[in-house]
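> model this:
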Amino acid sequence: MDSLKLIQYLSSNLNVDEQDILPLIENCTIKKVEKEEFLLRQNEHCKHTFFVEDGLLRQYAIDSKGKEHTISFAPENWFVSDRESTYFNKSSAYYIQALENSKVIMIDEKFINTLSEKIPEFVEFNNKLLHNHIRQLQNRIIMLLGASAEERYLQFIEMYPDILLRVPQIMVASYLGITPESLSRVRKELARKNFRN
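Purely as a prediction, here's the structure:
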């Protein structure tokens, strides 16, 4: 277990030795998920935050007309969860699905509390993670309300620089709130601009 990315992630961000984190993680469940398998479905209760060791996950919702709306992608070293379901004991409005064969660590509230107790630095770090998540959601709302399709796409590339070739274009379009045809036009226009430069 000492080669887990989560241990390395926490050690580097908390400035503590990996050996101090190892015994705290030993009770966490490591789950291998096949491509297209679900970790969470709509109306289920989300009991975990998922840390992606390997692979790629997607969180999305389906509206009353059957249209998918991608909320986020989670590649390696990312966390994904339905916070409303986990912390307010609500049925989830989302699906979390593997887009590739993946390995995730399932983090529950008990682990968060133990980490906070044993490594006090984690409390401030976890608080910063939460505020950063809120900031990103607020920026996303502004982009969806007022940014052009090109601006949304460029922000997507900045946020997810390594997954464009791993994600179907229709899912990228769903994340951006545009049609696949609009996304195709944006990409062609950007390619044209870059070619001129």
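> A helix includes residue 12, no?
Yes. Membership of residue 12 in a helix is supported by DSSP: H, G, I helix; E, B strand; the rest coil.
> and it, how far is that from residue 119?
Per CB to CB, to the nearest Å, residue 12 is found 13 Å from residue 119. Glycine gets a C-beta too; all of them are placed from N, C-alpha and C.
> what packs against the lowest-mean-pLDDT helix or strand in the chain?
Scoring the helices and strands of the chain by mean pLDDT, DSSP states H and E places helix 180-196 at the bottom, with a mean of 87. Contacts defined by 3 or more CB pairs under 8 Å, 6 or more residues apart in numbering; DSSP states H and E place helix 180-196 against helix 149-159, helix 169-176.
> most packed of those?
Across these, the average number of neighbours (mean count of other CB atoms under 10 Å) peaks for helix 169-176, which reaches a mean of 19.
> contact partners for the residue nearest the centre of the chain?
Nearest to the mean C-alpha position of the chain, counting by CA atoms, centre = their mean, stands residue 74 at 3.2 Å. Residues in contact with residue 74 (CB atoms under 8 Å, 6 or more residues apart in numbering) are 50, 52, 56, 57, 58, 59, 80.
> I'd guess the second one is in a helix, am I close?
Which is residue 52. No. If the criterion is three-state DSSP, then residue 52 is strand and not within a helix.
> who does it bridge with?
Taking DSSP bridges, one obtains residue 104 as the residues bridged to residue 52.
> so how far is the top helix by length along the chain off the chain centroid?
The longest helix of the chain (DSSP state H) is helix 121-146. How far helix 121-146 lies from its chain's middle: 12 Å, per CA atoms, centre = their mean, to the nearest Å.
> in that helix, what's buried?
By neighbour count on 16 or more other CB atoms under 10 Å, the buried set for helix 121-146 is 122, 125, 140, 143.
> which stretches of the chain aren't confidently modelled?
By pLDDT under 70, the weakly predicted segments of the chain are 1-3, 195-197.
> next, count neighbours for residue 58.
Neighbour count for residue 58, taken as other CB atoms under 10 Å: 22.
> wouldn't it be in contact with residue 102 here?
No. Between residue 58 and residue 102 there is no contact under CB atoms under 8 Å: 10.6 Å.
> re the thing from before, reformat the helices and strands packed on helix 180-196 as a markdown table; add distance to residue 5.
A markdown table is the format used below for the helices and strands packed on helix 180-196 (distance: least, CB to CB, whole Å):
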| stretch | distance to residue 5 |
| --- | --- |
| helix 149-159 | 19 |
| helix 169-176 | 24 |
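> pull up the distance across stretch 54-69, start to finish.
Terminal residues of stretch 54-69 are spaced 24 Å apart (CA to CA, to the nearest Å).
> stretch 96-112 now?
21 Å.
> and if you look at stretch 141-157?
17 Å.
> nothing else from me, thank you.
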